[in-house]
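In: with the input below, show me the fold.
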Amino acid sequence: MVKATTARELNPEADQVDPEVIAFRAQFDEQSPLDELVRLGAQRMLQSAIEAEVQEFLEQHRERTDEKGRRLVVRNGQLPTREILTGAGPLEIGQPRVRDNSPNQEQRVCFSSKILPPYLRRSKSINDLIPWLYLKGISTGDFAEALQCLLGEDAKGLSPNVIVRLKEKWSKEYDAWNHRDLKDKQYAYVWADGIHVNVRLESEGNQRQCMLVLMGATSDGRKELVAVVDGYRESEQSWYELLIDLKNRGLTITPQLAIGDGALGFWAALRKVYGEAREQRCWVHKTANVLNKMPKSVQPKAKADLHEIWMAESREKANKAFDTFLEKYEAKYPAACECLRKDRDVLLAFYDFPAEHWKHLRTTNPIESTFATIRLRHRKTKGSGSRRTSLAMMFKLAQSAEKRWRRLNGHKHILHLLEGKKFVDGIMQDAA
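Out: Numbering: from 1, shown residues only. Below is the predicted model of the structure:
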């Protein structure tokens, strides 16, 4: 009875709310001593770092003095404190004010903190958290409650209007990124795929959106997002426009290998724009296509036989397993065998590249795994509001995920590949 009375006194609407909900909320209303200790510790550390940054700036300009030997660059009080929303909770931070008393205004220096830039109100981790929550299915109106549960009751200022403005900002960031200069870029490998999503606030017949995604591997083995554009299905014209735009912005060096599924539009466009690029079909897509032409009772065994092909240690053994599959299933499942046979060369192209890279080259998994989250978001919300919002969400998701992308195994071999070294069955050949 005491607990029930207390709950009603603290919350007049308690009679209308489930007691379990009240108890659950109470867990977040009172911050634990450990959470408070972490928050205060983070606040002191950040404050100390800013003080040290100011002191270092003053030391850099200690030689600047007036006629009487007095320093010209000095501290001048304190700027108003700011509340910064961080992963440790809201922190109140004060920044010292620095003044340059030089008589010549053109020679004056201005202090700008790298730790606490002007107008910063949220740490970068929180800015990454917001699109992540949105993509996980949190609606615009539920952000405040979700962030309060994560960061405490002081996590205010993230109203639906703030989220809307953030999405507008992401759209502008995407536009700038989509027009960036690529003249200094070179990709040894590229992965291509089309991501299909729904959009709610579009005219009927225009509510199915296909986003064309291109990722690349740099000369040091790092994966980068190269392009995300709104295409018309996976047509040749859409892919051609994407690739020719990249080339016009400076991406003139042809990639060594392109990896994708059997979508004819991409390959036709690739041959027109980067005609010298080798082609590798995705084994995951090909396996699914072959198995779809076989009865379910046969699929487990057939899948194991397909596995023997692309996991073979050499091209010779892969071809032998390839022939075995055709001989085994040709009589009863000719359509499945024809689906496999027609792409033999482009399914086995990876054998001419470093063996350490094979696991990265046999599938479009780098794209599939990254953008699985966007599909989850669309299933939860029944589609983004507009095509432009979909693009912005896709871009922010990839930008956040890019920080966690692993470098290619054996990345040192990419330089050998770019130097023209030949690989046979994954092994680099000595120069003749």
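In: any idea which element Pro396 lies in?
Out: One correction, residue 396 is Lys, not Pro. According to DSSP states H and E, Lys396 maps onto helix 387-401.
In: and that helix, what does it pack onto?
Out: helix 124-135, helix 160-177, strand 208-217, strand 223-231, helix 365-370, helix 372-381 (3 or more C-beta pairs under 8 Å, 6 or more residues apart in numbering; DSSP states H and E). Every C-beta, even on glycine, is put in place using the N, C-alpha and C of the backbone.
In: ok, now with 10 Å
Out: Packing contacts for helix 387-401, counted by 3 or more C-beta pairs under 10 Å, 6 or more residues apart in numbering; DSSP states H and E, involve helix 124-135, helix 160-177, strand 189-198, strand 208-217, strand 223-231, helix 365-370, helix 372-381.
In: comparing those, which yields the minimum mean pLDDT?
Out: Confidence, taken as mean pLDDT, is least for helix 124-135 of these (a mean of 54).
In: quick revisit: quick check: next helix or strand after the helix holding Lys396?
Out: Following helix 387-401 in sequence, per DSSP H and E, is helix 412-418.
In: dump the C-alpha coordinates for that next one into PDB.
Out: The C-alpha trace of helix 412-418 is given here as PDB (Å, rounded to 0.1, in the frame of the first residue of the first chain):
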ATOM      1  CA  LYS A 412      49.300  -5.900 -48.700                       C
ATOM      2  CA  HIS A 413      48.600  -7.900 -51.800                       C
ATOM      3  CA  ILE A 414      46.500  -5.200 -53.300                       C
ATOM      4  CA  LEU A 415      49.600  -3.200 -54.100                       C
ATOM      5  CA  HIS A 416      51.100  -6.200 -55.800                       C
ATOM      6  CA  LEU A 417      47.900  -6.500 -57.800                       C
ATOM      7  CA  LEU A 418      47.900  -2.800 -58.800                       C
END
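In: alpha carbons of stretch 97-106, in PDB - could you do that?
Out: The C-alpha coordinates for stretch 97-106 follow below in PDB (Å, rounded to 0.1, in the frame of the first residue of the first chain):
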ATOM      1  CA  ARG A  97      37.700  33.000 -22.900                       C
ATOM      2  CA  VAL A  98      40.900  34.000 -24.700                       C
ATOM      3  CA  ARG A  99      41.600  37.600 -25.800                       C
ATOM      4  CA  ASP A 100      44.300  39.000 -28.100                       C
ATOM      5  CA  ASN A 101      45.200  42.600 -27.200                       C
ATOM      6  CA  SER A 102      47.300  43.300 -30.200                       C
ATOM      7  CA  PRO A 103      46.700  46.800 -31.500                       C
ATOM      8  CA  ASN A 104      46.700  45.600 -35.100                       C
ATOM      9  CA  GLN A 105      43.500  43.800 -35.500                       C
ATOM     10  CA  GLU A 106      44.600  41.900 -38.600                       C
END
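In: ok, and what's touching that stretch?
Out: Stretch 97-106 is contacted by residues 54, 57-58, 61, 64, 66, 70-80, 107-113 when judged by C-beta atoms under 10 Å, 6 or more residues apart in numbering.
In: which of the residues you listed count as buried?
Out: By neighbour count, with 16 or more other C-beta atoms under 10 Å, the contacts of stretch 97-106 hold 54, 57, 61, 72-73, 111, 113 as buried.
In: quickly check the residues you listed for the two that are furthest apart.
Out: Spatial extent of those (C-beta to C-beta) is set by the pair Leu72 and Ser113 at 20.0 Å.
In: in the stretch 201-350 of the chain, which spans are helices?
Out: Using DSSP state H, counting those that start in this stretch, the helices found in the stretch 201-350 of the chain span residues 236-248, 264-273, 283-291, 299-310, 315-329, 334-341, 344-347.
In: what helices or strands is the first one leaning on?
Out: Okay, so that is helix 236-248. Helix 236-248 sits against strand 189-198, strand 208-217, strand 223-231, helix 264-273, with contacts defined as 3+ C-beta pairs under 10 Å, 6+ apart.
In: go with 6 Å
Out: Judged by 3 or more C-beta pairs under 6 Å, 6 or more residues apart in numbering; DSSP states H and E, helix 236-248 is in contact with strand 223-231, helix 264-273.
In: number of residues surrounding Gln399?
Out: Per other C-beta atoms under 10 Å, the neighbour tally for Gln399 reads 17.
In: no more questions from me, cheers.
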